[in-house]
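> using only what follows, build the 3D model:
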Amino acid sequence: MEDKKDIRALTKDQLRDFFVAQGDQAFRGNQVYEWLWTKGAHKFEDMTNVSKATRTLLETHFVINHIQVDQMQRSADGTVKNAVRLHDGLVVESVLIPTATRITACVSSQVGCSLDCNFCATARLKRMRNLQPDEIYDQVVAIDRESRLYYNHPLSNIVFMGMGEPLMNYPNVMKAIEKITSDEGLGMSPKRITVSTSGIPKMIKKMADDGVKFKLAVSLHSAIEGTRNKIMPFTTNFPLTDLRESLEYWYQKTKSKVTYEYVVWRGINDNREAVDALVKFCKYVPCKVNLIEYNPIDDGEFQQASEEAIQAYIDALERHDIVVKVRRSRGKDIDAACGQLANKS
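This is a model prediction of the structure:
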């Protein structure tokens, strides 16, 4: 017997057409669509204002491949990590990060990762598959529910900094964001969403051409070509000159500042040459810099730099009127630092 199709792969119009083809009325598709997206139904039997006959019809033709939060861990600092099991048994992770002013969902876009960043636990898993739009959406819904449960406040921000390279799953990420920002979905403002990329120039330009309204972050980590290639070997195919050109294009088209995510490691990029190179790179387009505290994945080469090295970056950037913030690692006791997520299943 042929596998049933996931009903959430259908558009509202396709759902309406399905019911018409079954001799029902088109508005039934609107009802079901609302249950799937606005109300987040996990099962057809949850659709209480739909007749039993209609629910049986849906069961016959479709499935809802909803995610399951397999394991949830809460950190002493309030961070919540979800191990999310997908319909095929694979696991990704998402994280709720609370602060005094916002509650952020850090979500995954791939099972594993397409890239080979040497400092990242996810890169060691390799990419097994892209997440579907509904699987990305479900992570956000789950974290929003946890936010309301534990903090009595809806989710305020979303960052694509979990497992995977979002721009390597571009169509599905865009569809997920469209649903998240839709009034028929979660109705969140795109300005509260940040897509973080390791730097794929062609795709950064495509985002600009597509007129996206969300924010862009780039995991830079070094503005010296050789050092960057050592940290992230795949960047040999995407040199800094190409990245710079794509970011200039992005700003020209969107007028949206770029955020550089930047980890300082001991003995790798904690020297004056690295600091000066970053300052120079920051002058190409309006930007801000997040210096991120590193959460080591082992006792190897990549270790957090000294506070003196971090301060040297802060002093140099501020001297050149570049906005800089230090992002401390959250959820250390549950190993939940966004962008360094490891599959613990």
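> any idea what Val218 is bridged to?
Thr197, Tyr260 (DSSP bridges).
> now do the strands in this structure.
Here the chain has its strands, by DSSP state E, at 5-6, 62-63, 68-74, 80-85, 91-98, 103-106, 110-111, 129-130, 157-160, 193-197, 215-219, 258-263, 287-292, 323-327.
> so which of these is nearest Thr227?
For the strands of the chain, the distance to Thr227 is smallest for strand 258-263, at 11.9 Å, taking C-beta to C-beta. Backbone N, C-alpha and C define where each C-beta goes, glycine included.
> report how many residues lie close to Asp3.
Asp3 has 6 neighbours, counted by other C-beta atoms under 10 Å.
> quick revisit: okay if I get the strands of the chain as a markdown table plus mean neighbour count and mean pLDDT?
Listed next are those as a markdown table, based on neighbours: other C-beta atoms under 10 Å; pLDDT from 0 to 100:
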| stretch | mean neighbour count | mean pLDDT |
| --- | --- | --- |
| strand 5-6 | 14 | 93 |
| strand 62-63 | 18 | 96 |
| strand 68-74 | 15 | 91 |
| strand 80-85 | 23 | 94 |
| strand 91-98 | 25 | 94 |
| strand 103-106 | 26 | 96 |
| strand 110-111 | 24 | 92 |
| strand 129-130 | 17 | 93 |
| strand 157-160 | 24 | 97 |
| strand 193-197 | 22 | 97 |
| strand 215-219 | 21 | 97 |
| strand 258-263 | 22 | 97 |
| strand 287-292 | 20 | 96 |
| strand 323-327 | 15 | 94 |
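> give me the neighbour count for Ser156.
17.
> so for Val141, which of the strands of the chain sits nearest?
Comparing the strands of the chain by C-beta to C-beta, strand 103-106 comes nearest, at 9.5 Å.
> CA atoms of that closest one as CSV?
C-alpha atoms of strand 103-106 as CSV (Å, rounded to 0.1, in the frame of the first residue of the first chain):
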residue,chain,number,x,y,z
ILE,A,103,12.2,34.7,25.1
THR,A,104,14.0,33.3,22.1
ALA,A,105,13.5,30.0,20.2
CYS,A,106,16.7,28.5,18.7
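> gap between that strand and the chain center?
10 Å (C-alpha atoms, centre = their mean, to the nearest Å).
> who wins for proximity to Pro239 among the strands of the chain?
Among those, strand 215-219 comes nearest to Pro239, with 14.0 Å by C-beta to C-beta.
> other residues contacting the closest one?
The contact list for strand 215-219 (C-beta atoms under 8 Å, 6 or more residues apart in numbering) reads 117, 159, 161, 191, 193-199, 204, 207, 232, 243, 247, 250, 256-262, 290, 339.
> switch the cut-off to 7 Å
Here strand 215-219 makes contact (C-beta atoms under 7 Å, 6 or more residues apart in numbering) with 191, 193-199, 250, 256, 258-261.
> just stretch 91-109 next, same as before
Against stretch 91-109 from outside (C-beta under 7 Å, 6+ apart): 70, 78-86, 111, 131, 136, 139-140, 143, 146-147, 151, 153, 155-164, 166, 169, 173, 330-331, 336, 338, 341, 343, 345.
> next, the buried residues of stretch 34-50.
Residues of stretch 34-50 classed as buried by neighbour count (16 or more other C-beta atoms under 10 Å): 35-37, 40-41, 44, 47, 50.
> for Ile314, what are its contacts?
Ile314 touches Val324, counting by C-beta under 7 Å, 6+ apart.
> could you measure from it over to Thr241?
Noted for Ile314: a distance of 27 Å to Thr241, by C-beta to C-beta, to the nearest Å.
> how long is stretch 265-276 from one end to the other?
End-to-end distance of stretch 265-276 (C-alpha to C-alpha, to the nearest Å): 16 Å.
> pick the one among the buried residues of stretch 34-50 closest to Glu178.
Checking the buried residues of stretch 34-50 against Glu178 by C-beta to C-beta gives Trp37 as the nearest, at 11.0 Å.
> give the contact list for Val279.
Applying C-beta under 7 Å, 6+ apart to Val279 gives the contacts 316-317, 320, 322.
> try it again with 10 Å
Residues in contact with Val279 (C-beta atoms under 10 Å, 6 or more residues apart in numbering) are 223, 289, 313, 316-317, 319-320, 322.
> how about those in JSON lines, adding distance to Pro98?
Shown next, in JSON lines, are these (distance: C-beta to C-beta, whole Å):
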{"residue": "Ala223", "distance to Pro98": "32"}
{"residue": "Val289", "distance to Pro98": "23"}
{"residue": "Tyr313", "distance to Pro98": "26"}
{"residue": "Ala316", "distance to Pro98": "31"}
{"residue": "Leu317", "distance to Pro98": "27"}
{"residue": "Arg319", "distance to Pro98": "33"}
{"residue": "His320", "distance to Pro98": "32"}
{"residue": "Ile322", "distance to Pro98": "28"}
